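In: Generate coordinates for the sequence data below:
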Amino acid sequence: MRLSVLQENLKRGLGIVGRAVATRSTLPITQNVLLSTDRSMLKLSATNLEIGITTWVGAMIEEEGAITVPARLLSDLVDSLPSETIELNATQRPKAVHLSCARSEATINGTDAEEFPPIPTVEDGLTAKLDVRKLRTAIAQVAFAAATEESRPVLTGVKLEMEGDEFTMAAADGFRLAVHKEKLVEPVAESASVIIPARTLNEISRFLGDQDEPVEMMMSSAKGQAMFQLKSIEVVSQLIQGAFPNYGQLIPQNFQTRAVFDLQEFQRAARTASIFARDGSGIVRLQMVPGSDGGQGKIIISARAEEVGEHTDEIDIEIEGEEAKIAFSNRYLLDVLGVLERGKVALEATSPSSPGVFKPTATDDYVHVVMPMFVQW
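Out: Here you go, the predicted model:
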């Protein structure tokens, strides 16, 4: 293999596939990146056996070929080179890659490309097209609510359901639940339901910044895989097997109190309360108080730490129902406020021991349920 490629293009490509390089593995070759020629371009591939990422980089191909080399070493080397053309030459004996850029030269020992794990392809599954902006929003509002501990693997994933011209994403970690509904670019041929690792969706979200055209997704439940096709990038992920909780039953359908507040104003107050909460038990208390004669109400946001002090803040709200008290983990409260879009947001509560429900008032596409903290009022 012999080719020339711009340093900035190779650096960007290695940065993309580097997200799938195994950091610790019983299969050392998964810490490598596969370099090959394809479509008159340089093809870069990496996999940790759970997710595989492939990208194509513009290059001047003089001789076809393929080789796999240590990903971190190659990436660090390319990062350090000047922003000029890199001449890359793969040799058979010894198996190595020789790089030259300006007055810098280096040789990296490699391995035969046939020893690299094959990046799976999904060719016979259900295909769907997702709008980039809608997909990015859905991932941002849902994926963070997935569990990070592996004790219940299904909760580390995001449930993706498709039916007709709609898709739904849902994630839960046992303490909170996020559900986002959105429209597909075009209706799917049949309904589908899979669990995609939250890590996979977060990686895909990183690549959507330069994307304009819809993302094409192909799912194969039989193979247990899903593939996302972006502009010059393909991401293939293993699906999580198991039964995801029936999240529809976890969303309260009724409430005793509904408070509507300005998101930015409430977010500021919650952040201030969190300064005190983080030095204590991590709890932010909310007290929703109706106004006299049905007028404007208020919500009192407070937190205290025994050794540090306490803080109380008030903001105006529109309130429906009776006075209510509820307390949340400051982290979970800030998380949901951080992914909501500007405007008015509703908080629905039933009792101090019942879940609180956050919803944007401008749309019914998103709902977030948070379990309360038990405190002495």
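
In: Which pLDDT does the model give the most centrally placed residue in the chain?
Out: Central residue of the chain (Cα atoms, centre = their mean): residue 202, 2.3 Å from the mean position. In this model, residue 202 is scored at 97, pLDDT.

In: State the distance from it to residue 347.
Out: To residue 347, residue 202 is 27 Å away according to Cβ to Cβ, to the nearest Å. C-beta: built from backbone N, CA, C; applies to glycine.

In: just residue 52 next, same as before
Out: 41 Å.

In: Report the secondary structure state of the residue nearest to the centre of the chain.
Out: helix (DSSP: H, G, I helix; E, B strand; the rest coil).

In: Residue 332 against residue 175, yeah?
Out: Yes: look at residue 332 against residue 175 with Cβ atoms under 8 Å: they come within range, at 6.6 Å.

In: Would you mind listing the buried residues in the longest strand anywhere in the chain?
Out: Determined from DSSP state E, the single longest strand within the chain is strand 309-321. Going by neighbour count (16 or more other Cβ atoms under 10 Å), the buried part of strand 309-321 is 311, 313, 315, 317, 319, 320, 321.

In: same thing with stretch 186-199?
Out: Going by neighbour count (16+ other Cβ under 10 Å), the buried part of stretch 186-199 is 188, 192, 194, 195, 196, 197, 198, 199.

In: neighbouring strands for the helix or strand hosting residue 299, and are they parallel or not?
Out: Using DSSP states H and E, residue 299 sits within strand 297-305. In the sheet, strand 297-305 lines up against strand 283-289 (antiparallel), strand 309-321 (antiparallel) (DSSP bridges).

In: quick one: the closest residue to residue 263 other than its chain neighbours from residue 35, how far?
Out: Nearest in space to residue 263, with sequence neighbours left out and distances taken as Cβ to Cβ, 6 or more residues apart in numbering, is residue 345 at 4.9 Å. From residue 345 across to residue 35, the span is 49 Å (Cβ to Cβ).

In: Of those two, which one has the most company?
Out: More neighbours surround residue 35 than the other of residue 345 and residue 35, with 27 against 24 (other Cβ atoms under 10 Å).

In: can you list the residues that contact the helix or strand encompassing that one?
Out: For residue 35, the host element (DSSP H and E) is strand 32-38. For strand 32-38, contacts defined as Cβ atoms under 8 Å, 6 or more residues apart in numbering pick out 1, 3, 14, 17-18, 21, 42-46, 56, 59, 61, 64-71, 74-75, 88, 90, 97, 110-111, 113, 116, 119.

In: Parallel or antiparallel, which strands does that strand pair with?
Out: The pairing partners recorded for strand 32-38 under DSSP bridges are strand 41-47 (antiparallel), strand 66-70 (antiparallel).

In: Present those as TSV; the columns should include distance to residue 10.
Out: Shown next, in TSV, are these (distance: least, Cβ to Cβ, whole Å):
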stretch	distance to residue 10
strand 41-47	7
strand 66-70	12
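
In: okay, the ones you listed in TSV with mean pLDDT and mean neighbour count next?
Out: Listed next are the strands paired with strand 32-38 as TSV, based on pLDDT from 0 to 100; neighbours: other Cβ atoms under 10 Å:
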stretch	mean pLDDT	mean neighbour count
strand 41-47	97	24
strand 66-70	97	21
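
In: With respect to residue 363, which of those lies nearest?
Out: Residue 363 lies closest to strand 41-47 among the strands paired with strand 32-38, at 37.7 Å (Cβ to Cβ).

In: Can you show me the CA trace of the helix or strand just after the closest one as PDB?
Out: Moving toward the C-terminus from strand 41-47, the next helix or strand (DSSP H and E) is strand 51-58. Provided in PDB are the C-alpha atoms of strand 51-58 (Å, rounded to 0.1, in the frame of the first residue of the first chain):
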ATOM      1  CA  ILE A  51     -18.900  -1.100  18.400                       C
ATOM      2  CA  GLY A  52     -17.100  -0.800  15.100                       C
ATOM      3  CA  ILE A  53     -16.500   2.600  13.400                       C
ATOM      4  CA  THR A  54     -15.300   3.000   9.800                       C
ATOM      5  CA  THR A  55     -14.500   6.300   8.000                       C
ATOM      6  CA  TRP A  56     -13.100   7.200   4.600                       C
ATOM      7  CA  VAL A  57     -10.400   9.800   4.100                       C
ATOM      8  CA  GLY A  58      -9.500  11.500   0.800                       C
END
